[in-house]
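Engineer: here are the coordinates; sequence isn't available:
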């Protein structure tokens, strides 16, 4: 079936986090399962004029990002967004695109049939974990986006259930499509020379625990620091804590918390890392700890498991859905239990090996082929080809 889909790739302008990686994989994978169709990255094609390969690349290395990104006031952001949407509507009308896919929760207003991906409902459910401009964006546009959308994609059964419960969306209008670990995270053991180079470049200790994620309140980094401070001195002396990820917002208190807990000398912040370098860091780490209070999917634990790194995760529903029995799950607000789980895994090499085997097996169950085929099926359904979506529904 020939069709054309314009995809909002605006989030690919900067270093990619969850939604950016999702969008990049859409642009990379879809042409491989439906080569006769057209998948147009709007910003790269009509605004920045970048090549598709550049727009969907996943090996970017912007360098460490240790300062929070500049956040425009909502009034400025809203003005810029209105102008962007005017340009968007004019171009898609002129180019006669058939379908619009918004990968980032709130579609731009337009007349095209619209597919929207909802990753989670954290802004609606827990606004205290988000900056004011993001909350204002949702208050102004989210309900209109719901009315505009023909079909929704969620990245987990958990997020689908939240949409049913809190948004009252008809279940027939929601399709669950899982992501997968990118290939670089399942490439096998780290070569010794590569490990030495990355360890030297980043100043990594010989033994370390690892956290990966944007530094923001819902990731519960403060809870992780509290749990780390609870570890016995013998463990902290040998296993340091490495934090990977760009700064989000409300990060200023981390320095104060490190000082108060007297663990600043044991914590290393690397900033944002490329996929290739992050895969090596996963391979060097003793444990991956991800205590997030709320997630819609949980890509970092999945990539850690694919890389052979045993995981301690929070018992947030989406994380348990993704990890199954391949990770140790704890209450994110119980720092004593988190410290106990970390200690148990450090002291029990047999348990670590069991989790490594289970993690690799679990990660292998998530694939990019069904990811791309599932999106293709949704597009065809919205455009009038109502082939059943049972393969991609939450019931599978």
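Structural biologist: Happy to help now that I have it. The shown structure was predicted, so the numbers you read here are calculated from the model rather than taken from an experiment.

Engineer: for the nearest residue to residue 47 once chain neighbours are set aside, helix, strand, or coil?
Structural biologist: Among residues not flanking residue 47 along the chain, residue 87 sits closest, at 7.6 Å (C-beta to C-beta, 6 or more residues apart in numbering). In short, each C-beta sits where N, CA and C put it, glycine included. Three-state call for residue 87 (DSSP: H, G, I helix; E, B strand; the rest coil): helix.

Engineer: what's the neighbour count on residue 87?
Structural biologist: 13 (other C-beta atoms under 10 Å).

Engineer: before we move on, what about residue 171?
Structural biologist: Residue 171 has 12 neighbours, counted by other C-beta under 10 Å.

Engineer: shouldn't it be in contact with residue 163?
Structural biologist: No. Here residue 171 does not reach residue 163: they are 9.1 Å apart, not a contact under C-beta atoms under 8 Å.

Engineer: which parts of the stretch 51-200 of the chain are helices?
Structural biologist: 52-55, 74-95, 122-125, 132-148, 157-162, 192-202 (DSSP state H, counting those that start in this stretch).

Engineer: quick check: buried residues in the third one?
Structural biologist: Judged by neighbour count (16 or more other C-beta atoms under 10 Å), helix 122-125 contains these buried residues: 122, 123, 124.

Engineer: and that helix, what's its mean pLDDT?
Structural biologist: Average pLDDT, helix 122-125: 96.

Engineer: before we move on, what about stretch 75-93?
Structural biologist: 87.

Engineer: check stretch 365-375 too.
Structural biologist: 97.

Engineer: can you give me the offset of it from its chain's centre?
Structural biologist: The chain centre lies 16 Å from the centre of stretch 365-375; the measure is C-alpha atoms, centre = their mean, to the nearest Å.

Engineer: now for residue 2: which residues touch it?
Structural biologist: By C-beta atoms under 8 Å, 6 or more residues apart in numbering, the contact set of residue 2 is 36, 37.

Engineer: which strand or helix spans it?
Structural biologist: According to DSSP states H and E, residue 2 maps onto no helix or strand at all.

Engineer: any low-confidence regions in the chain?
Structural biologist: In the predicted model of the chain, residues 49-74, 248-252, 385-396 satisfy pLDDT under 70.

Engineer: give me the buried positions along the helix or strand hosting residue 376.
Structural biologist: Assigned by DSSP H and E, residue 376 belongs to helix 368-382. Across helix 368-382, burial judged by 16+ other C-beta under 10 Å covers 368, 370-382.

Engineer: what's it in contact with?
Structural biologist: Contacts of helix 368-382 (C-beta under 8 Å, 6+ apart): 1, 3, 5, 25-26, 29-30, 32-34, 37, 99, 101, 113, 115, 150-151, 153, 175, 177-180, 387, 389, 391-392.
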